[in-house]
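Colleague: Pasting the sequence and the predicted coordinates here, then a few questions.
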Amino acid sequence: MSTLFMSPKGGNCTTVTASAFALVSAMRGTNTLLIDLCGDVPAAIGMAEPHGPGINDWLNEDNVGDPQQMVMLGIPVIPGLVVLHRGARFVTGEPRWEALATAISSLPHDVIIDAGTTYVPEVLTQAVKNVSMVVKPCYLSLRRASRLPRPSNVFVIKEENRALTVKDVGNVLGVPVAAEIPYEAAISRAVDAGLLTARAEQLFGNYFPKK
């Protein structure tokens with residue numbers, strides 16, 4: 001099942017959410033490909049900073065790489081999880097979004113995409129199973145989110161002492177709340193130390209059925 005994570009604004013923990021989601025997917029025994037369109041996944045997961053070509057290079061207008069070549073650009077992180085890092089900062093020419101959409105449909109992986117606040121074309125959102133928006137229960141996030149195309153569902157970063165509730169978020173956006181992600185100091189420290197892998201189950205352990 002392919003999932004694209006996006007957010008109406010920066011600072012909503014989209015990369016951490018997408019990374020933890022992919023980690024637990026792999027831990028549950030599913031071959032998973034995490035595509036990093038923003039460039040922050042390696043730091044969040046605690047990988048060494050990648051060098052060489054990545055997804056932006058594969059998306060270059062003059063590239064002829066197929067889906068398998070795209071996967072080969074990725075880096076194995078834990079058994080079952082390959083991270084396809086951003087690579088070049090920009091895509092040269094017109095991005096091959098249609099080729100990426102085809103790859104998502106043809107690969108024997110669950111494809112997780114961290115899009116953050118990056119522009120995502122319709123051909124890509126139509127290719128994935130779920131477009132999941134990551135938001136905090138704050139007025140500014142919801143104000144911006146309400147102006148974007150409606151996602152399949154929403155992942156709410158649950159912060160204490162907010163005037164708005166998780167239920168408010170679902171009602172405003174008119175989509176199901178797929179999960180409530182705890183916003184805890186211990187998780188933040190783990191991310192800062194490059195130890196998200198050890199905390200991923202804490203975020204999504206109840207979301208995935210055990211095999």
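Modeller: Cool, got the structure.
Colleague: Let me see the contact set for Ala200.
Modeller: By Cβ atoms under 8 Å, 6 or more residues apart in numbering, the residues touching Ala200 are 19-20, 23-24, 27. Placement of C-beta: from N, CA and C, glycine included.
Colleague: Flag the shaky bits of the chain, pLDDT-wise.
Modeller: Applying pLDDT under 70 to the chain flags residues 205, 209-211.
Colleague: three-state assignment of Tyr119?
Modeller: Under DSSP: H, G, I helix; E, B strand; the rest coil, Tyr119 falls in the coil class.
Colleague: and it, how many residues sit next to it?
Modeller: 9 (other Cβ atoms under 10 Å).
Colleague: Could I get the phi/psi values of it?
Modeller: phi -60, psi 130 (degrees, to the nearest 10).
Colleague: same check, this time on the one 3 residues further on
Modeller: Reported as degrees, to the nearest 10, the phi and psi values for Glu122 are phi -60, psi -40.
Colleague: distance of it from Leu142?
Modeller: Distance, Glu122 to Leu142, by Cβ to Cβ, to the nearest Å: 23 Å.
Colleague: which one of those two has more residues nearby?
Modeller: The neighbour comparison of Glu122 against Leu142 (other Cβ under 10 Å) goes to Leu142, with 19 against 10.
Colleague: which residues touch the more buried one?
Modeller: Leu142 touches 135, 164, 168-169, 172-173, counting by Cβ under 8 Å, 6+ apart.
Colleague: Inside strands: which ones of those residues?
Modeller: Val135 (DSSP state E).
Colleague: The contacts of Leu142 into a markdown table, with extra columns for neighbour count?
Modeller: Output for these, formatted as a markdown table (neighbours: other Cβ atoms under 10 Å):
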| residue | neighbour count |
| --- | --- |
| Val135 | 26 |
| Leu164 | 18 |
| Asp168 | 14 |
| Val169 | 26 |
| Val172 | 18 |
| Leu173 | 21 |
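Colleague: Many thanks, I have nothing further to ask.
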